[in-house]
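Participant: Fold the following.
(chains A and B)
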Amino acid sequence: MSKTNLTRRGVLKTGAVAGAGLAVPTYLSAASHSGFTNAPGDSSVTLGFNVPQTGPYADEGADELRAYELAVEHLNGGGDGGMMSTFSSKVLDGTGILGRKVEYVTGDTQTKSDAARASAKSMIEKDGAIMITGGSSSGVAVAVQALCQEAGVIFMAGLTHSNDTTGKDKRANGFRHFFNSYMSGAALAPVLANAYGTDRKAYHLTADYNWGYTTEEAVKSSTEAMGWETVAAVKTPLTQTDFSSYIAPVLQSGADTLVLNHYGGNMVNSLTNAVQFGLRDKQVNGKDFQIVVPLYSRLMAKGAGANVKGIFGSTNWHWSLQDEGSKAFVKSFGTKYGFPPSQAAHTCYVQTLLYADAVQRAGSFAPCAVAEALEGYEFDGLGNGKTLYRADDHQCFKDVLVVKGKENPTSEFDLLEIVEVTPVDQVTYAPDHPQFQGGALGTCNNGA
Amino acid sequence: MDAIILQILNGLDKGSAYALIALGLTLIFGTLGVVNFAHGALFMIGAFCAVTLSRLFSLSHEVLVPGETDFLGNPKTKDVPYIYDWFGESTGAAIIDWSVPLAILFAIPVMIAVGVIMERGLIKHFYKRPHADQILVTFGLAIVLQEIIKYYYGANPIPTPAPQAFAGSFDFGAMLGFDPNTIIYPYWRLVYFAFAALIIGAVFAFLQFTTFGMVVRAGMADRETVGLLGINIDKRFTIMFGLAAAVAGLAGVMYTPINSPNYHMGMDFLVLSFVVVVVGGMGSLPGAVLAGFVLGILESFASMREVIDIIPGINQVIIYLVAIIILLTRPRGLMGRKGVMED
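Facilitator: Numbering: from 1, shown residues only, chains lettered A, B, ... in the order given. Got it, this is the predicted structure:
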C-alpha cells in the first residue's frame, strides 16, 4: 500500500516556492538587460555618429554631422520637421523615438579603419550608443559594419560606394542607403554611349584599394557591354598626389577616353593633372578626347574647380532635385546652415530617419526587430523617389543620378547639373550578381 | 623612345620640386646643423600664400541680381570683387588670373619673416640638443602649422589655377618629329622647371659670388674659426634660415596650379625630400639638387604601365629601393662630404 502526502496546503506551498524560484531569474535578468546591447532607458536614447572630423575628408564629415544634428532636431520635434513631412511613413511624430528624446555622441573616424573601429567601440561601450552611423569611405564602412555586427548594434552606413559593403562584406546588422559602384556603371554607360558613341577606347586609372577595384570592374563591364574597348587599367597608389607620370602615357596608348576611378583628393589631383595636360583639347581616333569620373561629390568638384566642366559622373542625390522630399530637406538644411546640403549630408539624414522610423514601426529598439522592419521596406518621399531596402543584402534600390560638371556655375555649390535620372530598374541587379558574390548576411545579432 | 622622353620630362618637374625642398633642407642642415622636419610645412605655407593672395584679390561684395532667386527662394545675389570696382572688370579679372605669379612677390617677405621667427623663436633653442630632439620639435611644429592652416582653410583642396595664358600643353612630339600628341607637356610644368632652375642657380650664385655667401660657406665648413675671426655667424645663419624658408615657400607658390593645395601637401613631400637629402649626401647642396632630379626621373619611369606590369608595386618603393642601393655602395650619399653627421 502506498501513501501519498498530497495535501491542498502542501501543493500550494510547493507551487508558490517553485513559481517564485522560476520567476526570480527572469525578473533579475529583465532588470539587468532587455536582451540586447545598450537598451535605452525610458527618457532618452543615444545614437552614435561616426564621421571623419580630422584628416582629408574632414569637410565631408562636417557636412554629415550637420545633417545628423538636423535629423536629431527634427526627430525631437524641433525645426520645420524637414523630410518627416514628406516621408511616406507617418509614424514619426516629433516626440523622439518610441517616446524617448534622441541624444547623440560623435566619434572621429579619421578615415582610417582602425581609428573608426576604436571610436565606434567607444561610443557603444562607454556612451551606450544603440546605433552607429556615418563615415566617408568604404574601408571604414566595412570595418565598422563588422564591429557593429559583433557588438549587436545596428549600423546605418554613411557615404560608402564600394560593391563590397553590401556584397561580400555585407552583414545582417548593417544597412546602406547610398548607391554603389555597380549602379554607377549601369547608370553611366548608356549616357556615355549616347554622348560619346559606342566605339570608344577607354583608359582606366584606378585608386589602389577596395573601392577603386569595384568601381573599375563595374564601369568596365557596363561600358564594354555598350561596345567600348578597355585599352588599359592602371592602379595608382592611394597616397599619390602628382598623377602626371600616369596621365602622360594615356594619349600614347591610343585611348580616347580616360576614366578616373578616384575619389576625394585623388580625384581632385588626377583630374586637375589630366586637364593640365590638355587631354580634353585633343583629338584621338577622330574623336574629341573625354574624361569620365564615375563617382562625383560636390566637395570634390569644388576642389577641382573649373576642371570639372562638362565631365560626366554619377551621384546619389543632388540638392537641385525638385521632388517634395528634396525641397523640404534643402529648405531646412539651407535655413539652418546657409548653404545647400551635399549628397553625404542627404544620405546621413535619411539613414537617421529610416532607423528611427524602423524602431517606431517595430515598437522595439532590439536590433533584430529593427532589421526586420527595415528588410524589404518600401518607402518614398526621402529625395530619391520610390526606394526599396532589399532584404537579401540590405542595399537600397532607387533611381541614380547621372550628372555633369556645370559650364556656368552660379555659386560654389552649383557645380553639377543633373543630366539624367536613371530609373531604378536599370540599376537593379540580382543578389547573386558576380560583382557581389561571396560573403553572407548571416543572422542578426542582438548582442548582450 | 617617345615614352622615354615623356617620362624624363615628367621626372624633371617632379625633380624640380624635390630639388627645391631638399636644397632648403640642406642649407639649414649645412649652416645650422638642424634637421628641420618643419620644412615641408614651409612649402605648404608658401602654397597658401598663393591661395591667400588669390582670395584677397577675390574679396567681393554682394550685388542683387534682379528677377532671380537663390535655392531657398530668397532674392539672388552675386559676388562682385572689389578689384573690379577699382580697376574695371577686365583689368580686375586679369589681376585675379595672374594671382599665382604675383604671389611670388607676396610670398618672399612673408616666408622670410616666417623663417626668421621660426628660427629665433623656437629652433635656436635646440642647436645644442641631439638631432632626435630637433626632429621631434620640428615635426611637432609641422603638425601645429598644418592644423592652423586646416582650421582656417578647411581640409578640402583649394583650386588655384595658373594664368589662362599657360593653360594647355606643348606638343614636343610634333617638334621632335614624332607623331603629334605622343609627347605633350603642360606649359605650366615647363614654367615650373624653368623657375626651379632659376632659383637653384640664384642660390648657388649667391653662395658662390657674394661676400655674405662666402662667409656662410666658411661657417658651414668651420663655424668656430669664423666666429673667432669676429664675424657674427649666428646672424648670418638666421638670414640663411629665412632664405631657405623662402626657397621652400616659392616652390610651394608655383606648385599650386599643378596640384590644388591642401593642408597636408607639406607632409606628402617631406619624407621624400629627406630621402633626397640623404641620397644626395647630407650637407651637400649640389648633391641635393642632383638627387632630386635623379629620384624624380626614376619615380616617373617606375610608374610606367610597362614597368608596373613586370614588377608590380615598383612605383611605390622605387625611391626607397634606390636610396638603399646608393647608401650601400656610397654610404655618404652621391656627393656627401666627409665628417658630416658622423660624430
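
Participant: Checking B:C49 next. Helix, strand or coil?
Facilitator: The three-state label given to B:C49 by DSSP: H, G, I helix; E, B strand; the rest coil is helix.

Participant: who's in contact with it?
Facilitator: Shown in contact with B:C49 (Cβ atoms under 8 Å, 6 or more residues apart in numbering or on different chains): B:A103, B:F106, B:A107, B:V110, B:M111, B:G249, B:G252, B:V253. Yep, even glycine has a C-beta here, placed from its N, CA and C like the rest.

Participant: Go through these and name the one nearest A:S342.
Facilitator: When the contacts of B:C49 are ranked by distance to A:S342 (Cβ to Cβ), B:G252 comes first, at 28.8 Å.

Participant: leaving aside the residues next to it on the chain, what's closest to the closest residue to chain B within the stretch 301-448 of chain A?
Facilitator: Among all residues of the stretch 301-448 of chain A, A:G305 sits closest to chain B, at 2.9 Å; criterion: Cβ to the nearest Cβ. Among residues not flanking A:G305 along the chain, B:P159 sits closest, at 2.9 Å (Cβ to Cβ, 6 or more residues apart in numbering or on different chains).

Participant: pLDDT score assigned to the residue of the stretch 301-448 of chain A closest to chain B?
Facilitator: With respect to pLDDT, A:G305 has a value of 86.

Participant: all strands in the stretch 1-150 of chain B, in order from the N-terminus.
Facilitator: Per DSSP state E, counting those that start in this stretch, the stretch 1-150 of chain B carries strands over the ranges B:60-69, B:75-81.

Participant: Enumerate the residues of the stretch 151-300 of chain A near chain B.
Facilitator: A:232, A:234-235, A:237, A:239, A:241-242, A:244-246, A:248-249, A:251-253, A:265, A:268-269, A:272-273, A:276-278, A:281-282, A:284, A:299 (Cβ under 8 Å from any Cβ of the partner chain).

Participant: PyMOL command for the buried members of those residues?
Facilitator: A single PyMOL command selects the buried members of those (16 or more other Cβ atoms under 10 Å in any protein chain shown):
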select buried, chain A and resi 232+234+235+241+242+244+245+246+248+249+251+252+253+265+268+269+272+273+276+277+278+282+284+299
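
Participant: Among the residues of the stretch 151-300 of chain A next to chain B, which ones are in strands?
Facilitator: In this view, those that belong to strands under DSSP state E are A:A232, A:V234, A:K235, A:V284.

Participant: neighbours around the closest residue to the last one other than its chain neighbours, how many?
Facilitator: If you skip the residues right next to it in sequence, A:V284 has A:D256 as its closest partner in space, 4.1 Å away by Cβ to Cβ, 6+ apart. The tally of other residues near A:D256 (other Cβ atoms under 10 Å in any protein chain shown) stands at 26.

Participant: now A:S122
Facilitator: A:S122, neighbours per other Cβ under 10 Å, totals 15.

Participant: need the helices for chain A, in chain order.
Facilitator: Per DSSP state H, chain A carries helices over the ranges A:8-32, A:58-75, A:113-125, A:138-151, A:181-196, A:210-225, A:244-247, A:264-276, A:298-304, A:324-337, A:343-362, A:367-374, A:424-427.

Participant: Make TSV out of those helices and add distance to B:A196.
Facilitator: Converted to TSV, the helices of chain A look like this (distance: least, Cβ to Cβ, whole Å):
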stretch	distance to B:A196
helix A:8-32	69
helix A:58-75	31
helix A:113-125	37
helix A:138-151	36
helix A:181-196	38
helix A:210-225	32
helix A:244-247	15
helix A:264-276	17
helix A:298-304	25
helix A:324-337	43
helix A:343-362	38
helix A:367-374	57
helix A:424-427	48
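
Participant: Figure out which of those is closest to B:G333.
Facilitator: helix A:244-247 (24.5 Å).

Participant: Could you check what's spatially nearest to whichever residue of the stretch 1-150 of chain A sits closest to chain B, not counting adjacent residues?
Facilitator: Proximity of the stretch 1-150 of chain A to chain B (Cβ to the nearest Cβ) peaks at A:A58, 3.8 Å away. Leaving aside its sequence neighbours, A:A58 sits nearest to B:A155 (Cβ to Cβ, 6+ apart; 3.8 Å).

Participant: Quickly note the distance from that neighbour to A:Q110.
Facilitator: 11 Å (Cβ to Cβ, to the nearest Å).

Participant: sorry, back to before: residues touching the residue nearest to A:V284, list them.
Facilitator: A:R200, A:K201, A:V284, A:N285, A:K287, A:D288, A:F289, A:Q290.

Participant: Report how many residues lie close to the first one.
Facilitator: Number of residues near A:R200 (other Cβ under 10 Å) recorded here: 23.

Participant: Would you mind naming what in the stretch 51-200 of chain B lies close to chain A?
Facilitator: B:70-72, B:76, B:78, B:150, B:154-159, B:161, B:167-169, B:181-182, B:184-186, B:188-189.

Participant: mind listing which of those residues are in helices?
Facilitator: Among these, the ones falling in helices (DSSP H) are B:K150, B:W188, B:R189.

Participant: what's the neighbour count on A:G227?
Facilitator: There are 12 residues near A:G227, going by other Cβ under 10 Å.

Participant: Wait, it touches A:Y196, no?
Facilitator: No: with contact defined as Cβ atoms under 8 Å, A:G227 does not reach A:Y196; the gap is 11.0 Å.

Participant: Check the gap between B:I135 and B:F29 for me.
Facilitator: Where B:F29 is concerned, B:I135 sits at a distance of 12 Å (Cβ to Cβ).

Participant: okay, and the common contacts of those two?
Facilitator: By Cβ under 8 Å, 6+ apart, the residues touching both B:I135 and B:F29 are B:V35.

Participant: If you count surrounding residues, which of those two has more?
Facilitator: B:F29 (24 against 16).

Participant: For B:R332, see how far away that one is.
Facilitator: 14 Å.

Participant: Overlap in contacts, these two.
Facilitator: B:M282.

Participant: so where's chain A uncertain?
Facilitator: Within chain A, the segments meeting pLDDT under 70 span A:1-33.
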